[in-house]
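>>> the sequence and its predicted three-dimensional model are supplied below.
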Amino acid sequence: MRIAITLLLLVIGTVAFHIWSPWWFTPLASNWHAIDTTVDITIWVTGFVFIAVNLFLAFAIYRYRKRPDQPDRKAAYEPENKKLEGWLTIITAAGVAIMLAPGLLVWSEFVRPPQDAAEFEVLGQQWHWTFRFPGEDGRLGKVATQFISEKNPFGIDPRDEAGLDDILVSDNELHLPEGKPLKALLRSKDVLHNFTVPQFRVKMDLVPGLQSFVWFTPTKPGKYEILCEELCGIAHFAMRGKVIVEPEQAFTQWLAGKPTFAQSQQIAAGDPVKGQAHYATCAACHGPNGEGNPSLKAPRLAGMSEWYLKRQIHYFREGIRGASPEDKLGQQMAPMANTLPDQQAVVDVATYLSALPEFTPLTTIHGDTRRGRHYYVTCGACHGQQGEGNFATNSPRLAGQRDWYLKQQLLNFKAGLRGTHQKDSYGHEMLFMARILTDEQAIDDVLAYINSLDGVHE
């Protein structure tokens, strides 16, 4: 009897939770209402079966329970019942057909984008998104993995004229025009990812070496989140982006502010001689040889990767870093970064600093290196086993950096003073990762271990 009541309460509770659940679909913002319909059909079919089976089970337990007035009552053994089996087969087949047929109809539409759908590319890598739009010729240029480099992260074939006017979006914020059919070409640079915008109701894997696609028509202006719904590595949960649906005129204006592939290749290689001249102002804080200065809280710059130095200077110049009023040191750096007159000067300084000889800084933080090594396993997935940094994951070198500076940055990430700006996609990832260090002792332990690393890739 208790089991029968429990099953009855299970059915009632499940139905009630479904009706009044706080978790349900996000509001639809695309043309794919048919996908919602197929899900609704699946819920109705499976819900009916769930209710029917459990109510029948509760009834059978109650109806055929053992009774004191019938102590010798036994169940009849019936190994086969062709009539019952036939009806169960027919009902099951009908239920499966009702669930699958609408999905097949939707899939046939899903794989056939409209002829007038505008194409753009979504490029996924651990652990962020970038995007590419065709230029005036309306065609995307060819790409290949052998062309991927620090200067050409999209891997566009420089010999293909169709790719010269391709418009590159190097951050994780994507703008799309409202009411226009779009075909997103999906490509991965490293591992399996999945491009998903829940409000659009479409998702598709990004498979290394292949190009997949999805198509949709954004129908509702607003800001939505881009998710990776394929476990792609240790920072998978932080691989997020934003898509802004807006009128076509606003979208065109946004796109016009992005560089083409040809423009991205026009910046000349850095000149270390000119970079040294520009660095004269920086040397007052960071030291004549880029060694850093503890008394002025200025970190080491010598030997840092050129790509990382360029990005951080750009962040300070654009207000992406140093924007928080509580980040006093970052606010001091922002006007200094703007003393560099143009992008070429930034490249020259970064080239000069990256070529400066390395040195071993004094250790100021002590901790348990054994525990620190355990914590660093997570950090090493991005920053390298020896703290050497990794351009592929946009992670700077840690080995050889001043430990007090690294501690200050970890505290800044944990406090939200860094990594919260909407355009700081890499800092946003660190915002999550820094929080695995639950207290100051954990930070000291991992920094003590980093101090023992040589920064040389094994």
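That came through, no problem. Small disclaimer: the values here were computed from a predicted structure and weren't measured.

>>> these two touch, right, F133 and V169?
Yes. Counting by C-beta atoms under 8 Å, F133 does reach V169; the two are 7.2 Å apart. Quick note: C-beta positions are derived from backbone N, CA and C, even for glycine.

>>> which helix or which strand is home to the residue nearest to T260 when sequence neighbours are not counted?
Nearest non-adjacent residue to T260, counting by C-beta to C-beta, 6 or more residues apart in numbering: D165, 5.1 Å away. Assigned by DSSP states H and E, D165 belongs to neither a helix nor a strand.

>>> who's in contact with D165?
134-137, 260-262 (C-beta atoms under 8 Å, 6 or more residues apart in numbering).

>>> what values do phi and psi take at it?
The phi/psi pair for D165 (degrees, to the nearest 10) reads phi -100, psi 10.

>>> any idea how far G138 is from it?
10 Å (C-beta to C-beta, to the nearest Å).

>>> equivalent analysis for S188, please.
25 Å.

>>> between those two, who's got more neighbours?
S188 (24 against 10; other C-beta atoms under 10 Å).

>>> so the closest residue in space to that one that isn't next to it in sequence bridges to which residues?
Spatial nearest neighbour of S188, chain neighbours left out: L206 (3.9 Å); criterion: C-beta to C-beta, 6+ apart. Beta-bridge pairing for L206 (DSSP bridges): H193.

>>> shouldn't L206 be in contact with L185?
No. Counting by C-beta under 8 Å, L206 stays clear of L185, with 9.9 Å between them.

>>> out of these two, which sits in the more crowded spot?
Shown here are L206 and L185; by other C-beta under 10 Å, L206 has more neighbours (26 against 18).

>>> gap between the more buried one and V122?
From L206 to V122 the distance is 7 Å (C-beta to C-beta).

>>> overlap in contacts of those two?
186-187, 195.

>>> wait, which of those is closest to I267?
Nearest to I267 among the shared contacts of L206 and V122 is R187, at 24.7 Å by C-beta to C-beta.

>>> got a pLDDT number for the residue nearest to T260?
Looking at D165, its pLDDT reads 92.

>>> pull the distance from stretch 235-254 to the chain's centre.
13 Å (C-alpha atoms, centre = their mean, to the nearest Å).

>>> next one: stretch 172-186
Worked out by C-alpha atoms, centre = their mean, stretch 172-186 lies 17 Å from the chain centre.

>>> may I see the buried residues of that stretch?
For stretch 172-186, a neighbour-count test (16 or more other C-beta atoms under 10 Å) marks 172-178, 182-186 as buried.

>>> and what of stretch 201-209?
201-202, 204, 206-207.

>>> over to stretch 130-143?
130-135, 140-141, 143.

>>> which ones among these are found in strands?
Judged by DSSP state E, strands contain the following of those: 130-133.

>>> with distance to A381 added, can I get those residues in TSV?
Compiled in TSV, those are given as follows (distance: C-beta to C-beta, whole Å):
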residue	distance to A381
T130	20
F131	25
R132	27
F133	31
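
>>> what is the longest helix of this protein by residue count?
For the chain, the helix with the greatest residue count under DSSP state H is helix 33-63.

>>> immediately after that one, which helix or strand?
helix 82-110.

>>> and that next one, what does it pack onto?
Counting contacts by 3 or more C-beta pairs under 8 Å, 6 or more residues apart in numbering; DSSP states H and E, helix 82-110 packs against helix 33-63.

>>> quick one: least confident helix or strand in the protein?
The helix or strand of the chain with the poorest confidence is helix 425-433; it has a mean of 83 (mean pLDDT, DSSP states H and E).

>>> run the chain-centre distance for the helix or strand following that helix.
Counting by DSSP H and E, the next helix or strand C-terminal to helix 425-433 is helix 440-451. The chain centroid and the centroid of helix 440-451 are separated by 27 Å under C-alpha atoms, centre = their mean.

>>> helix 440-451: which residues count as buried?
Those would be 442-451, for helix 440-451 by 16+ other C-beta under 10 Å.

>>> in these, find the pair that's most separated.
Top of the distance list for these (C-beta to C-beta): A442 and N451, 15.1 Å.

>>> if we can go back for a sec, how about JSON lines for the buried residues of stretch 172-186, with pLDDT, distance to G103 and secondary structure added?
Converted to JSON lines, those look like this (pLDDT from 0 to 100; distance: C-beta to C-beta, whole Å; DSSP: H, G, I helix; E, B strand; the rest coil):
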{"residue": "N172", "pLDDT": "88", "distance to G103": "31", "secondary structure": "coil"}
{"residue": "E173", "pLDDT": "90", "distance to G103": "33", "secondary structure": "strand"}
{"residue": "L174", "pLDDT": "95", "distance to G103": "28", "secondary structure": "strand"}
{"residue": "H175", "pLDDT": "96", "distance to G103": "31", "secondary structure": "strand"}
{"residue": "L176", "pLDDT": "96", "distance to G103": "26", "secondary structure": "strand"}
{"residue": "P177", "pLDDT": "96", "distance to G103": "29", "secondary structure": "strand"}
{"residue": "E178", "pLDDT": "95", "distance to G103": "28", "secondary structure": "coil"}
{"residue": "L182", "pLDDT": "96", "distance to G103": "22", "secondary structure": "strand"}
{"residue": "K183", "pLDDT": "96", "distance to G103": "21", "secondary structure": "strand"}
{"residue": "A184", "pLDDT": "96", "distance to G103": "21", "secondary structure": "strand"}
{"residue": "L185", "pLDDT": "96", "distance to G103": "24", "secondary structure": "strand"}
{"residue": "L186", "pLDDT": "96", "distance to G103": "21", "secondary structure": "strand"}
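
>>> now the two most distant members of those.
E178 and L186 (21.7 Å).

>>> about what we covered before: so what's in contact with L206 and L185 at the same time?
With C-beta under 8 Å, 6+ apart as the test, L206 and L185 both reach 122, 212.

>>> that's all I had, so thanks and see you.
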